[in-house]
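Colleague: just coords:
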């Protein structure tokens, strides 16, 4: 009688297998510790299976490179955005600083207009000449704003010039540095009166026809004297920068530097004309006791 075929072959039981592998492990560890014969074998096996290891790690490496590439794209995009934002913020910051400077200058102009005894109109510079021999500038106020020729132009520091030509919506200002312009002044320290003239050079004025023994010193402040009725008295004009006294000459060479200037700001003040003094002032009658 034939026996039924066996579909599954049964080997040693699990306990036997465990004991076998435990004994094998102990034997291998003992041999590796005492006799040192396995390092060469391990190295040979490592060389053989190295290509398989590289092949097994290939998906991980590819995944890492793809992930790094995507991260770099995000970093490049973020870096581009941050740079654009930085440039935009820098432009806004510069504009804000310009507004703060302009606001501070306007406050000083407002304060200066309150200090003067005449009314003042604020104007903005439209054109500053680049020619060093041209000492005229253009402002954005004209006859339509009540501006007249002869009015004085100042900033928060002092006198800049005088309006010499008026258009409908603009006016031309002749600067005090123009060689044909003169301003009656007095020395604030001692009240000495004279006339200061332009030399045709930027940042340079001259006190002419002062005798060599005139009481004038470096850094003396020169203000308008009010003589002539054109310039209000007390407006700063210049400070003495250099004095040369030549014994062989009857006059001293006194050079001065303007206090104000169109190259320092964009806004100016136009002072209203000084009202003329009546020729026959009204006498106040006094009652006799």
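Modeller: That came through fine. Remember, predicted model here, so these are calculated numbers, not experimental data. Residues are numbered from 1 along each chain as shown.
Colleague: for the rest of this, base every contact and every neighbour count on C-alpha atoms.
Modeller: Noted.
Colleague: which residues in the stretch 51-200 of the chain form strands?
Modeller: Secondary structure of the stretch 51-200 of the chain (DSSP state E, counting those that start in this stretch): strands at 120-127, 136-139, 152-154, 159-166, 171-175, 182-187, 193-198.
Colleague: surely residue 193 is in contact with residue 186?
Modeller: Yes: shown here, residue 193 and residue 186 form a contact pair, counting by CA atoms under 8 Å, at 4.1 Å.
Colleague: find residues that contact each of these two.
Modeller: Listed as contacting both residue 193 and residue 186 by CA atoms under 8 Å, 6 or more residues apart in numbering are residue 225.
Colleague: and the two? which has more neighbours close in?
Modeller: Using other CA atoms under 10 Å, the more surrounded residue of residue 193 and residue 186 is residue 186, with 24 against 16.
Colleague: so the more buried one is in contact with residue 196, correct?
Modeller: No: counting by CA under 8 Å, residue 186 sits too far from residue 196 to count as a contact (9.2 Å).
Colleague: just to revisit the earlier point, take the strands of the stretch 51-200 of the chain and write them to CSV, including mean pLDDT.
Modeller: Converted to CSV, the strands of the stretch 51-200 of the chain look like this (pLDDT from 0 to 100):
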stretch, mean pLDDT
strand 120-127, 86
strand 136-139, 92
strand 152-154, 90
strand 159-166, 93
strand 171-175, 94
strand 182-187, 93
strand 193-198, 93
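Colleague: so which of those strands gets nearest residue 205?
Modeller: For residue 205, the closest of the strands of the stretch 51-200 of the chain is strand 193-198, at 4.8 Å, according to CA to CA.
Colleague: what pairs with whichever helix or strand comes after that closest one, parallel or antiparallel?
Modeller: Downstream of strand 193-198, the next assigned helix or strand under DSSP states H and E is strand 205-211. Counting by DSSP bridges, the strands paired with strand 205-211 are strand 193-198 (antiparallel), strand 251-258 (antiparallel).
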